[in-house]
Structure formats: C-alpha cells, structure tokens
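1. model this:
(one chain, ligands or ions: 1)
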Amino acid sequence: MSNHQIYILTAVCFIANLVSAVAVAQESENFDAEAKYQATCFACHGTGQAHAPVVGDIIEWEIRLEKGFNTLVQSTINGLNGMMPARGLCADCTDDDLKAIVQFMLEESQ
Ligand code: HEC
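-> Sure thing, here's the model as predicted:
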C-alpha cells in the first residue's frame, strides 16, 4: 500500500467517525420524558390532586395497565372522565411525547 492510499484510508475513517459522532449527538437530544412529566403531569400525578393516580402507586397503575398500554396513551391524548385533561395540559407534546411520558410514569410505578 502506498503512502497515498494510507492517507485516503485514514481520511475516510476520520469522516466515518465524525458522522457516527453526529448521529450519537442527535440521539441524546431526544425528548426528555421525565422533565416534561415534572413540568406538566406532576402537578396532579405527583400529588394525587383531583384524585389523579399517583406515580409510584404500584397497585393503582397495575390495575390501570390491565386496560393495555395503548388505552392509557389514548386516555392521555383524549382526556378521561372530565378529570384527566386532554394531553395532560401539555400543549406542545406530540402523541409520541405523551406515549413516552406514560411509559416513564409506568416505569416509576413498578
Ligand atoms: C389537572 C390534573 C391532571 C394533569 C395535569 C394530568 N393528569 Fe393524568 N389524570 C388525572 C386524573 C384525575 C386521572 C384519573 C381519571 C379517571 O380515572 O377518572 C388521570 C389519569 C391518567 C392516566 C390513566 C388513564 C387511564 O386510562 O386509566 C394516565 C396514563 C395519565 N393520566 C397521564 C397523564 C400525563 C402523561 C400527563 C401529563 C402530560 C397528565 N396525565 C396530566 C389528572 C391529571
């Protein structure tokens, strides 16, 4: 292999590393479900305000999860019984964001 070829190979590797580093940086900028939960849902679900099921109450969430994860996400999007406000009052949450928060709430209640 000539020096010239080695130089090109090194350059290609360098660029490949750079590309994967950028990809990792983008991934870590993902939606922060915990921060959003604290900012919006915690007002009710951290305190039991309006009889909201409290995050960390294992039995409560076990019973709710019997409806299925997707049903819980749907109740979050649409609201429930006039008590749980639609989208949990998170105006800038997408459906996927809400799903991630529900996932977080369940993980905290196992
Ligand atoms: C104003 C208070 C309030 C806020 C804010 C709120 N919730 Fe709720 N949530 C409730 C109440 C009350 C219930 C219970 C409703 C019922 O079972 O009748 C509930 C129920 C739920 C349930 C269970 C649904 C089911 O089908 O059993 C989920 C999941 C949920 N909330 C997610 C969220 C998420 C995610 C947020 C924030 C984005 C949020 N909530 C914000 C009051 C609130």
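
2. In stretch 75-94, which residues are buried?
-> Of the residues in stretch 75-94, Ser75, Thr76, Ile77, Met84, Arg87, Gly88, Cys90, Cys93 count as buried by neighbour count, 16 or more other C-beta atoms under 10 Å. In this view, the C-beta of every residue, glycine as well, is placed from N, C-alpha and C.

3. I meant to write stretch 103-110 there.
-> Phe104, Met105, Leu106, Ser109.

4. got the CA coordinates for it in PDB?
-> Taking C-alpha atoms only, stretch 103-110 is exported to PDB below (Å, rounded to 0.1, in the frame of the first residue of the first chain):
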ATOM      1  CA  GLN A 103     -44.100   4.900  29.700                       C
ATOM      2  CA  PHE A 104     -42.000   6.900  32.100                       C
ATOM      3  CA  MET A 105     -44.800   7.100  34.600                       C
ATOM      4  CA  LEU A 106     -45.400   3.300  34.500                       C
ATOM      5  CA  GLU A 107     -41.600   2.600  34.900                       C
ATOM      6  CA  GLU A 108     -41.700   4.800  38.000                       C
ATOM      7  CA  SER A 109     -44.700   2.800  39.300                       C
ATOM      8  CA  GLN A 110     -43.400  -0.800  39.200                       C
END
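
5. and it, average pLDDT?
-> If you average the pLDDT over stretch 103-110, you get 98.

6. Which of the buried residues of stretch 103-110 lies at the shortest distance from the ligand?
-> Met105 (6.2 Å; C-beta to the nearest ligand atom).
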